[in-house]
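Undergrad: next one to model:
(2 chains)
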Amino acid sequence: MTLDSSPVPAAEAVVWREKTLGENLARAGVSRRSFLAFCSRMAAVFAVGAPVAGWAGSASGATPTAEEIASALEKVTKPVVVWLQLQECTGCSESLLRAGGTTVEDVVLKLLSVDYLELLMAASGDAANKALEDANASDHVLVVNGSVPTKNGAFCVIGGESAETVLRKSAENATAVLAVGACAVWGSVQASKPNPTGAVGVEEIITDKPVLNVAGCPPIGEVIVAAITYILANGDLPETDSEGRPTFAYGQRIHDTCPRRAHFDAGQFVKTFDDEGAKQGWCLYDVGCKGPSTFSPCPVVQWNLGTSWPIGSGHPCIGCTEKDFFDTFTPFYTELPDVELPGVEATANKVGLGLLGVAAGGVAIHSAATGVRRWQGNRKDAGDAPLVAFGDTDKVWLPTPQGRPGLGGRHQAPDETTEEQS
Amino acid sequence: MTAVDSSAGSVDLFVSPMGRVEGDLDVRVTIEDGVVTSAWTEAAMFRGFEMILRGKDPQAGLVVTPRICGICGGSHLYKACYALDTAWKTHVPQNATLIRNIAQACETLQSIPRYFYALFAIDLVNKNYAGNPMYDEAVRRFAPYVGTSYQKGVVLSGKPVEVYAIFGGQWPHSSFMVPGGVMSAPNLADVTRATAILNHWKDNWLEKEWLGCSIDRWMEIKTWEDMQAWVNENESQYNSDCGFFIRYALEIGLDKYGAGCGNFIAPGTYLEPSLYENPTVEGRQDALIGRGGVYANGQHFDYDQMLVSEDVTHSFYSGSRPLHPWEGETDPLDPVKSREKGKYSWAKSPRYEVPGLGRTPLEAGPLARRVAAGAPNPGSHQDSDPLFIDMLAKLGPSVFVRQMARMHEAPKYFTWVMDWLSKIDLQGSFHTKPAELENGKGWGATEAARGALQDWIVIENGKIANYQVITPTAWNIGPRDSEGTLGPIEQALIGTPIKDMEDPVELGHVARSFDSCLVCTVHAYDGKTGRELNNFVINGMV
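TA: Modelled structure (predicted):
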């Protein structure tokens, strides 16, 4: 009813009728110019973090240009996409719809998720069930927003089935699974203690195939679109870190590219939200910024078409691209522990690892301000999180009269694992 | 209007063979002889936010409650912040109140065109109207993606939240409002940029596409006759999207159904900075710019949050009597078992104790706000606007009147935001660090685009002892209460005439006119045979 209620020309415009995406976009009235504008936004996202290697059709073999993205994307023939929305708040969709200055993203997404939309529009329950079954039976890309309640299937019911059943069925023949947003990645806010519904992310349920985690609560719209664009253009998942996040976007900590970094290094800190430092744009570390331990492209891509981003507006980062941030990064407006200040290069880097824990693994952390260092760390083995849930008072870190606890307290210093990259 | 359900059980409603991949809200209706005879609204998702908040740092609500709904995250933040301001007895500098107002209003300004073109107007080009002489023009304007107005409306709707991002860093899901003020300390460039963005939105959408006249001309309209005269005043107004919508809506009869309960709730929003530097529960209503109020049986009442309660008789929660939210409980039950006891929704039924009427379901939303703005005795700083009292008296509530109330807020709020922007004192203070009191009770409220949104917080020993949220959607889609009285949307659907049983677009108009924030699936049943006629989805976005 959403779309088939419109007359024939409009309905045609958003249904995949031609062979390729390019031809369908032309039919939908999307100009070459706005399509290229869209692709250049994508190119900007791909250029944020770790270099994109092996892009199909890239002349340089590296991060693709807007033209290369456009030419790869135009040739895509209709992919089958199943798009599920489980326990979620629609924030990811809202973010997605703010990804562009045109409706190109809208059209692309509608085109891609056409099977899903046809499901929505199906006139009867039986036909809709059949359409979902058909889509699930073929090779398809599965995109998931929202978490899965495991305590009782009735906490989220879709078409008479529990969210978990729907997800398992849809994942069975999926060639790629994208978990979009913190809920789909790890459960997000509803998974914070005591997690009344037993909410978990997609990879807790789907364990037999890789899940690409587009992290953030919500992720920046452009990053969601870029992840989908990568898969369509390359027919493959991008390189990820140990959290399953694409390194092209999540390869750097906010701290590494933060425009306020110079103030951190100089020991210039905002003490309250309204002091002179706040007006001067000093570092927000003391008012709770989690940028030093948060991997996200926010400083570069920014929000709402590059209008601003939290730190840019004086808002300390709450670390929403990190797992369990609701429990581990709170109170949000209290500074991170385990950092000696004023920061010098070594401690600036330790902030990240102090929180993340250290073990063997394959995450590369790049620090623009300190020269590139390679850290070996597998955050999954981090164990006891250094900042534990508020409400769990025996574990909450509290400031002491002596000041901040130094490194070597509860958390191991990452010295041994450091190596300079050649 | 059947306000009390007498037909429950005539149709087996608990068979749900729906094939769909989305649906937070199920609306079930029975149709007999082409008219809706009963309706049930079922919220199908539970996440347990109120349980998560219990025992946590008081400020957790600032980050947790916006995640209830990504469409209204800024509104959630606004009221969560005032709940803490009142509990902690903070001082909020005037600048901070201005910026909170600006951000909240910008979220609503983006919602208005987005909602109209992307969600509501799509049904105006339904093929059921193809025989209408105005249909081709409706298609030319409103057809999704290719309509001449659709593109501009949807794209430009993103502009006001860019202003939100200037002050809040991002939209959706910023947490920049904190007890005692806001985090941002904007400079002249920020304010200039915000002003320019909003003027762009006004010039290119509001005045050019929607009104076809200046804001000032539109705001001269005080009565339904004024509005009709405005349409016919000149070509520009007659052919603007607004002029066309008024003509088309009357042509297809949107003024004839979707009345709802006819009783309204608006806690009001936007505080006058000089009157609310020290936020209190008791002092709030007098400090409002956008007035609050309750309107029932044709009478205006002052809004008093103490008269709100939630009933769980037909909701999947334990509890035997209606409770005020400070005493509220959230104790979920197994839906499968509790369906046997007649429970059918994850939403609670909020009710308001109207003097003389008892606990009453009330409609929340723009029409409720417009009605409150027409109450007598406004303060000199308060919105006073008789237009919708007049329209209600002459037309009664309907899909059309509800829709016009929403659109009327675009020019009004734009004017307010520009005024607030001009009043920011860039040298002044934006935050006063609060004392974090160990114990206290707070209440924060606002008007999200879709209506009354309120938090009640109880803090004990520095932690949250109780936290209850009542959303506008809960007011509107809440199920029956202990008296069997239907919720507002349930009531609004009853009596809706259905021309084509296989494509009941009229139900879409009614349900969409409430702009409920849940994606909802409507299931239509034949009231005599119980056969399912159709199901379709409303407010689906991606």
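Undergrad: sec struct for residue 82, please.
TA: Chain wasn't specified; assuming chain A. strand (DSSP: H, G, I helix; E, B strand; the rest coil).
Undergrad: oops, wrong one, chain B.
TA: Under three-state DSSP, residue B:82 falls in the helix class.
Undergrad: my read: it touches residue B:444, true?
TA: Yes. Between residue B:82 and residue B:444 there is a contact at 3.3 Å, judged by CB atoms under 8 Å. For glycine as for every other residue, the C-beta is placed from the backbone atoms N, C-alpha and C.
Undergrad: the strands in the stretch 51-200 of chain B, which residues?
TA: For the stretch 51-200 of chain B, the strands defined by DSSP state E, counting those that start in this stretch cover B:177-178, B:181-182.
Undergrad: any chance of CSV for these, columns mean pLDDT and distance to residue B:497?
TA: Converted to CSV, the strands of the stretch 51-200 of chain B look like this (pLDDT from 0 to 100; distance: least, CB to CB, whole Å):
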stretch, mean pLDDT, distance to residue B:497
strand B:177-178, 96, 45
strand B:181-182, 97, 49
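Undergrad: with respect to burial, which of those strands scores highest?
TA: strand B:181-182 (a mean of 30; mean count of other CB atoms under 10 Å in any protein chain shown).
Undergrad: residue numbers of the stretch 351-500 of chain B in contact with chain A?
TA: Neighbours of chain A within the stretch 351-500 of chain B, by CB under 8 Å from any CB of the partner chain: B:429-433, B:463.
Undergrad: narrow the residues you listed to those that are buried.
TA: Neighbour counting over those (16 or more other CB atoms under 10 Å in any protein chain shown) leaves B:429-433, B:463 as the buried ones.
Undergrad: next step: those residues restricted to strands.
TA: Within these, residues falling in strands by DSSP state E are residue B:463.
Undergrad: any idea how chain A splits into domains?
TA: Following automatic domain parsing, one finds the domains of chain A at A:8-250, A:252-422.
Undergrad: what's the least confident stretch among the ones you listed?
TA: Lowest mean pLDDT within the domains of chain A: domain A:252-422, at a mean of 61.
Undergrad: point me to the residue of chain B nearest chain A.
TA: Taking CB to the nearest CB, chain A has its nearest neighbour within chain B at residue B:70, 2.4 Å off.
Undergrad: contacts only, for the closest residue to that residue other than its chain neighbours.
TA: The shortest distance from residue B:70 to any non-neighbouring residue, by CB to CB, 6 or more residues apart in numbering or on different chains, is to residue A:91 (2.4 Å). Residues counted as contacts of residue A:91 (CB atoms under 8 Å, 6 or more residues apart in numbering or on different chains) are A:181, A:217-218, B:67, B:69-71, B:73, B:172-173.
Undergrad: which of the residues you listed tops the neighbour count?
TA: residue A:218 (33 neighbours; other CB atoms under 10 Å in any protein chain shown).
Undergrad: my read is that that residue contacts residue B:174, right?
TA: No. Using CB under 8 Å, residue A:218 makes no contact with residue B:174, being 11.2 Å away.
Undergrad: who's in contact with residue A:88?
TA: Residue A:88 neighbours (CB under 8 Å, 6+ apart): A:145-147, A:181, A:183-184, B:70.
Undergrad: can you select the buried ones from those residues in PyMOL?
TA: Selecting only the buried entries of the contacts of residue A:88 in PyMOL, with 16+ other CB under 10 Å as the criterion:
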select buried, (chain A and resi 145+146+147+181+183+184) or (chain B and resi 70)
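Undergrad: and which of the contacts of residue A:88 is nearest to residue A:287?
TA: residue B:70 (25.2 Å; CB to CB).
Undergrad: turn the residues of the stretch 351-500 of chain B next to chain A into TSV, columns for distance to residue A:188 and pLDDT.
TA: As requested, these are exported to TSV (distance: CB to CB, whole Å; pLDDT from 0 to 100):
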residue	distance to residue A:188	pLDDT
B:429	34	95
B:430	30	96
B:431	28	96
B:432	32	96
B:433	29	94
B:463	22	95
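Undergrad: Serialize the residues you listed to a markdown table and add fields for distance to residue B:34.
TA: Formatted as a markdown table, these follow (distance: CB to CB, whole Å):
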| residue | distance to residue B:34 |
| --- | --- |
| B:429 | 62 |
| B:430 | 58 |
| B:431 | 59 |
| B:432 | 61 |
| B:433 | 63 |
| B:463 | 56 |
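Undergrad: so which residues of the stretch 201-350 of chain A form helices?
TA: A:202-205, A:221-234, A:247-250, A:254-257, A:261-265, A:276-280, A:298-301, A:325-328, A:345-356 (DSSP state H, counting those that start in this stretch).
Undergrad: looking at those helices, which one is packed in the most?
TA: Of the helices of the stretch 201-350 of chain A, helix A:247-250 is the most buried (mean count of other CB under 10 Å), at a mean of 27.
Undergrad: is it true that residue B:505 touches residue B:124?
TA: No. Using CB under 8 Å, residue B:505 is not in contact with residue B:124, being 9.2 Å away.
Undergrad: those two: which is more packed in?
TA: residue B:124 (26 against 20).
Undergrad: report the contact partners of that one.
TA: Counted by CB under 8 Å, 6+ apart, residue B:124 has contacts B:138, B:142, B:245, B:248, B:252.
Undergrad: can you get me a residue count around the fourth one?
TA: By other CB under 10 Å, the residues close to residue B:248 number 20.
Undergrad: residue B:89 and residue B:237: what is the separation?
TA: 50 Å (CB to CB, to the nearest Å).
Undergrad: tell me which of these two has more neighbours.
TA: Legend: neighbour count by other CB under 10 Å for residue B:89 and residue B:237, higher for residue B:237 (20 against 15).
Undergrad: skip ahead from the strand or helix carrying that one and say which helix or strand is next.
TA: Using DSSP states H and E, residue B:237 maps to helix B:235-239. Next in sequence after helix B:235-239, counting helices and strands by DSSP H and E, comes helix B:241-251.
Undergrad: about what we covered before: what do residue A:218 and residue B:174 both touch?
TA: Contacts common to residue A:218 and residue B:174, judged by CB under 8 Å, 6+ apart, are absent.
Undergrad: report the central residue of chain B.
TA: What sits nearest the mean C-alpha location of chain B, by CA atoms, centre = their mean, is residue B:450, with 1.1 Å.
Undergrad: so what's that residue up against?
TA: B:72, B:111, B:364-366, B:472-473, B:476, B:514-517 are the contacts of residue B:450 under CB under 8 Å, 6+ apart.
Undergrad: farthest pair in those?
TA: B:111 and B:476 (15.5 Å).
Undergrad: who's more crowded, the two?
TA: residue B:476 (33 against 25).
Undergrad: now do the same contact list for the more buried one.
TA: Contact analysis of residue B:476 by CB under 8 Å, 6+ apart lists B:363-365, B:450-451, B:487-489, B:514, B:516.
Undergrad: tell me how far it lies from residue B:156.
TA: For residue B:476, the distance to residue B:156 - CB to CB - is 27 Å.
Undergrad: no further queries at this time; thank you.
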